[in-house]
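Student: Below are the sequence and a predicted model; questions follow.
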Amino acid sequence: MKQQTLAIAADQGAGFEQYRRPTKRDVFLETMEQIVPWTQLCEVVEPHYPKGQGGRPPVGLERMLRMHFVQHWFNLADEACEEALLDSTALRRFVGIDLGRERVPDGTTLLKFRRLLERNKLGEQLFAKVGDVLQGRGLKVGTGTIVDATIIGAPSSTKNADKARDPEMHQTRKGQQWYFGMKLHIGVDSQTGLAHSAVVSAANVHDKHPLPTLLHGAERRVYGDSAYASQKELIASKAPHAKDFTNQRVRKRSDEVDEARRSKNRNKSKIRARVEHVFAVVKRLWGFVKVRYRGLAKNATRAFTALALSNIYMSRERLMAQVRP
């Protein structure tokens, strides 16, 4: 075992901070420390990670993965993450950095790690691995799927070096307002509320087009808002035994109001609303309201990783119950 330096002893409050109490950040990081399947996730990245043959030895894989997750949880850019680690005792303790012995990996190191994930589409693999781990711990995928999509905004300004907007992003209208960016389409289990599939597209792609990709095929019921109405053939192409429980359109500008249809939609929406919990974590808690990078591929890696972390976070109570003796 390495002897602690004064820096890490101070970080852990060894007699220096008598009246300090754990903050919400401390509690959150301690929970993630225990329930994130670090070994399995490192196994996903390890075949693509530099082996350190010649040149400077690479930073430890698990440390880089922890820093990458910190970026998602606290919505930090590469250099901002470096600054946060220099500033926050709780983050350094979670990542495992002793400033008395080593430097904090800089923003360029984080950038290279992120590009490695993007180049090998490891975001999707991390998402799939988390799903496998959760199923192994009893969080099985059921026979009901809720589908939905959300818009992730992108800069619409052309005041940049290229004098143009991101060519892979597009605009779409929702209600009476226009948006520019991309869409995140997800399929969520109706029982657990966890995402089991996802597709990233430009914002002008209609919600119905990725529908078959969002189904796992063993569904008995498919829920969705009125954007997925009258798509029985698309549903049957992937899940032949599934019944269509999507909300049906109700005419609002007519004197004839179908109250029976409205009542059915309200009952369906009680289950369909669970998909919004995933978006609340990814967009409101993790801060993925706007894209940070140009192009769909880079933002897709961020989206899949965020969904993987969201599934872990939303399962935290059950996972912690399994961890406790």
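Tutor: Structure received. Numbers count the residues shown, from 1 in each chain.
Student: which ones are touching the closest residue to Leu111 other than its chain neighbours?
Tutor: In space, and not counting its chain neighbours, Leu111 is closest to Asp78: 5.0 Å by C-beta to C-beta, 6 or more residues apart in numbering. Heads up, the C-betas are built off the backbone N, CA and C, glycines and all. By C-beta atoms under 8 Å, 6 or more residues apart in numbering, the contact set of Asp78 is 71, 107-108, 110-111, 114.
Student: what does Ala321 give?
Tutor: With C-beta under 8 Å, 6+ apart as the criterion, no residue contacts Ala321.
Student: now do the one 3 residues further on
Tutor: Neighbouring residues of Arg324 by C-beta under 8 Å, 6+ apart: there are none.
Student: thinking again about what came up before, any chance of the contacts of Asp78 in a markdown table, plus pLDDT, distance to His196 and secondary structure?
Tutor: Shown next, in a markdown table, are those (pLDDT from 0 to 100; distance: C-beta to C-beta, whole Å; DSSP: H, G, I helix; E, B strand; the rest coil):
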| residue | pLDDT | distance to His196 | secondary structure |
| --- | --- | --- | --- |
| Gln71 | 96 | 24 | helix |
| Gly107 | 93 | 34 | helix |
| Thr108 | 94 | 35 | helix |
| Leu110 | 95 | 29 | helix |
| Leu111 | 95 | 30 | helix |
| Arg114 | 95 | 25 | helix |
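Student: can I get those residues in a markdown table with neighbour count and distance to Val278?
Tutor: A markdown table is the format used below for those (neighbours: other C-beta atoms under 10 Å; distance: C-beta to C-beta, whole Å):
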| residue | neighbour count | distance to Val278 |
| --- | --- | --- |
| Gln71 | 22 | 19 |
| Gly107 | 15 | 29 |
| Thr108 | 11 | 32 |
| Leu110 | 23 | 26 |
| Leu111 | 13 | 28 |
| Arg114 | 21 | 23 |
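Student: before we move on, the earlier item: how near is the residue nearest to Leu111 to Thr301?
Tutor: Here Asp78 is placed at a distance of 14 Å from Thr301 (C-beta to C-beta, to the nearest Å).
Student: wait, doesn't Leu214 sit right on Asp148?
Tutor: No. Using C-beta atoms under 8 Å, Leu214 is not in contact with Asp148; the gap is 9.0 Å.
Student: who touches both of those two?
Tutor: With C-beta under 8 Å, 6+ apart as the test, Leu214 and Asp148 both reach 185-186.
Student: Are we agreed that Thr305 is in a helix?
Tutor: Yes. Under DSSP: H, G, I helix; E, B strand; the rest coil, Thr305 sits within a helix.
Student: Strands of this structure, start to end?
Tutor: For the chain, the strands defined by DSSP state E cover 144-153, 170-174, 177-189, 195-202, 221-224, 243-246.
Student: nearest residue to Asn75 other than its sequence neighbours?
Tutor: Per C-beta to C-beta, 6+ apart, closest to Asn75 is Gly287, 3.1 Å.
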